[in-house]
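Trainee: sequence unknown, structure follows:
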């Protein structure tokens, strides 16, 4: 049965609404001489979950790095085209740190910083200048709870984040991505190291977060995109094969046959 | 029955000529490599043992704390010991901050462009310049051109020369320590909007400090042992410590003695020195270096114990 949220956004397909949260037009990205994104265009509406599926090396992670400008740290990367967040072109933006604070990023491999669990989550707010102990405490608890980690670590917030198990570190990464209260949350294969039960708990949280966040969900689990995403984008070899409402993508007759083959595991 | 059969199988397999040959080769390789490793200890024991035994009769607290007398053949090594400490201390005070900051720039900030490549090339080549050439450079640059002490040699000129000499090595070792911090840590920080500096200060430096300090402190033994560069720029064969004040030598106005130079002088130039004297000086030099290295190692163990991943 269609999710009520999904139907709200189905009208937006085709005609972009007045102010998309993220707008990408003809984005090209090359590492040296090798072009990995061949001019892709799409938009994401506010409070939408966009699922991004596609095989390895199709440019999913690179796309996210273009949005939060961490692509800058790869010296050989060259981009062209337009990436707008809140109507502002990130490629020419001055306050790149402000942009990154606006975007929460969860990398596929868990990275616990070599700090205590508490400091891991408090890192970003402190870097942004928050010193108030009480507000930091509240923030840490809220973020860890949202990442379904609070109950496991609440008695040992002083122990090292790097000593947690892989799955716990991944949830710590999610908590850290939420800690600077982003407007856009980019999840890059967040569930690789997490067991199915915990994954479900986090997915429930994501459904909650959609109320005040826009979420880009890059995933290899096509069923995860199906469960969560309002719209789904199929990226393959640096090109968008298809982007459509999730039900349409997973129906028996998506616009492109390759989409059908991929989501049904016929190739990929 | 089953267990007996498997036991039989193992025994049969273990006895084949192929396995026996493998085991023999393994044994030979292990012994051979082990001997090579042991060979490293032999020269160390011989050198240290020889100089300590030879120098033993002269070694005393008094030997350390009295000035040389009678052209250096009597008395102690006080002024040379202090001179070496001054040279090492001042040169590291200059080269360590510059070297570490340069390495942070090169490893954390620099993009791969012609400037970075030129700097890296300079670092590598500077490390390969013989120390006597550094000495000549220091004589020209710090003693004559910069004219730090009215055209005369001075401690500060020698320390600057040693600093130039140790800089490339400190840069290289610091870069090594910095790059051992996983890139994923940096990316995690950048992703949450931290600046490069916040990332360096909160994550990169705290986790590479033990490697950085090790690299810096290991330069102590090198600077303490160098004779050629300091001989030309600030070290003399004969300089007493008369001052009883806090500053034993004046860093700019004084030249100083140094253990390495004193050893060279006593061993080759002075007549009538007791046979044990050069060995005693060498023992003091080695002892001072070992003491500093031991401190470094203990400090490193302490920092490693706090390593967080």
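Mentor: Sure, I can see it. The model shown is predicted, which means the values in this text are computed figures rather than measured ones.
Trainee: going forward, measure contacts between C-alpha atoms and count neighbours the same way
Mentor: OK.
Trainee: Check the gap between the residue of the stretch 151-268 of chain A found nearest chain B and residue A:120 for me.
Mentor: When distances are taken as Cα to the nearest Cα, the stretch 151-268 of chain A reaches nearest to chain B at residue A:162, 5.6 Å away. Distance of residue A:162 to residue A:120, given as Cα to Cα, to the nearest Å: 10 Å.
Trainee: The two: which has the busier surroundings?
Mentor: residue A:120 (24 against 21; other Cα atoms under 10 Å in any protein chain shown).
Trainee: Check whether that one really touches residue A:176, as I assumed.
Mentor: Yes: between residue A:120 and residue A:176 there is a contact at 6.6 Å, judged by Cα atoms under 8 Å.
Trainee: returning to that earlier point: now for residue A:162 and residue A:120: what residues contact both?
Mentor: Common neighbours of residue A:162 and residue A:120 are listed as A:112, A:113, A:114 (criterion: Cα atoms under 8 Å, 6 or more residues apart in numbering or on different chains).
Trainee: So among those residues, where is pLDDT lowest?
Mentor: In terms of pLDDT, residue A:112 ranks lowest among the shared contacts of residue A:162 and residue A:120, with 85.
Trainee: Burial check on that one, number of neighbours?
Mentor: 28.
Trainee: buried set for stretch A:23-38?
Mentor: For stretch A:23-38, a neighbour-count test (16 or more other Cα atoms under 10 Å in any protein chain shown) marks A:23, A:24, A:27, A:28, A:29, A:30, A:35, A:36, A:37, A:38 as buried.
Trainee: What of stretch B:255-270?
Mentor: Under 16+ other Cα under 10 Å, the buried positions of stretch B:255-270 are B:255-267.
Trainee: now swap in stretch B:235-253 and tell me
Mentor: In stretch B:235-253, counting by 16+ other Cα under 10 Å, buried: B:235, B:236, B:237, B:238, B:239, B:240, B:241, B:248, B:249, B:251, B:252.
Trainee: what about that stretch, start to end distance?
Mentor: End-to-end for stretch B:235-253, by Cα to Cα: 12 Å.
Trainee: Need the contact partners of it.
Mentor: Residues contacting stretch B:235-253 (Cα under 8 Å, 6+ apart): B:67-68, B:71-72, B:78-79, B:82-83, B:148-149, B:153-158, B:255-258, B:261-262, B:265.
Trainee: can we see that at 7 Å?
Mentor: The contact list for stretch B:235-253 (Cα atoms under 7 Å, 6 or more residues apart in numbering or on different chains) reads B:67, B:79, B:148-149, B:154-156, B:255-258, B:261-262, B:265.
Trainee: ok, now which ones touch the residue in the stretch 51-200 of chain B positioned nearest to chain A?
Mentor: For the stretch 51-200 of chain B and chain A, the shortest gap (Cα to the nearest Cα) falls at residue B:193, measuring 4.6 Å. Counting by Cα under 7 Å, 6+ apart, residue B:193 makes contact with A:97, A:98, A:100, A:101, A:124.
Trainee: hmm, 6 Å instead?
Mentor: A:97, A:100, A:101 (Cα atoms under 6 Å, 6 or more residues apart in numbering or on different chains).
Trainee: got any ranges where the chain has weak pLDDT?
Mentor: You didn't pick a chain, so chain A it is. A:1-18, A:267-268 (pLDDT under 70).
Trainee: Hmm, no, I was thinking of chain B.
Mentor: Looking along chain B with the criterion set at pLDDT under 70, you get B:1-15, B:243-244, B:306-309.
Trainee: near chain B, which residues of the stretch 151-268 of chain A?
Mentor: residue A:162 (Cα under 6 Å from any Cα of the partner chain).
Trainee: Tell me which stretches of the stretch 151-268 of chain A form strands.
Mentor: Here the stretch 151-268 of chain A has its strands, by DSSP state E, counting those that start in this stretch, at A:184-188, A:214-218, A:231-236, A:239-245.
Trainee: quick one, which of those is nearest to residue B:222?
Mentor: In terms of Cα to Cα, the element of the strands of the stretch 151-268 of chain A nearest to residue B:222 is strand A:184-188, at 49.3 Å.
Trainee: Show me what counts as buried in the closest one.
Mentor: Under 16+ other Cα under 10 Å, the buried positions of strand A:184-188 are A:184, A:185, A:186, A:187, A:188.
Trainee: What separation do you get for the first one and residue A:99?
Mentor: Looking back up the chat, that one is residue A:184. Counting by Cα to Cα - residue A:184 and residue A:99 are separated by 10 Å.
Trainee: cool, and the last one?
Mentor: Spatial separation of residue A:188 from residue A:99 under the definition Cα to Cα is 18 Å.
Trainee: same deal with the third one?
Mentor: From residue A:186 over to residue A:99 the distance is 13 Å, taken as Cα to Cα.
Trainee: I'd like the distance from stretch A:62-77 to the chain centre, please.
Mentor: 14 Å (Cα atoms, centre = their mean, to the nearest Å).
Trainee: Contacts for it, please.
Mentor: A:30, A:31, A:32, A:100.
Trainee: can you tell me which helix or strand the last one belongs to?
Mentor: In the assignment (DSSP states H and E), residue A:100 maps to helix A:96-102.
Trainee: burial count for residue A:163?
Mentor: 16.
Trainee: same thing with residue A:180?
Mentor: 25.
Trainee: what sits against it?
Mentor: Residue A:180 neighbours (Cα under 6 Å, 6+ apart): A:124, A:125.
Trainee: can you give me phi and psi for it?
Mentor: phi -100, psi 20 (degrees, to the nearest 10).
Trainee: repeat for the one 3 residues further on
Mentor: Geometry field for residue A:183 lists phi and psi as phi -90, psi -20, criterion degrees, to the nearest 10.
Trainee: Please give me every residue in contact with the residue nearest to it when sequence neighbours are not counted.
Mentor: Excluding the flanking residues, the one nearest residue A:183 by Cα to Cα, 6 or more residues apart in numbering or on different chains is residue A:213, at 5.0 Å. Shown in contact with residue A:213 (Cα under 6 Å, 6+ apart): A:47, A:183, A:184.
Trainee: isn't the second one right next to residue A:102, touching?
Mentor: Right, the one you point to is residue A:183. Yes: Residue A:183 is within contact range of residue A:102, at 5.4 Å (criterion: Cα atoms under 6 Å).
Trainee: In terms of neighbours, single out the busier of the two.
Mentor: Taking other Cα under 10 Å, residue A:183 and residue A:102 do not tie; residue A:183 has more neighbours (22 against 19).
Trainee: Now do stretch A:119-139: distance to the chain's middle.
Mentor: With Cα atoms, centre = their mean, you get 22 Å for stretch A:119-139.
Trainee: end-to-end on that stretch?
Mentor: First-to-last residue span, stretch A:119-139, Cα to Cα: 11 Å.
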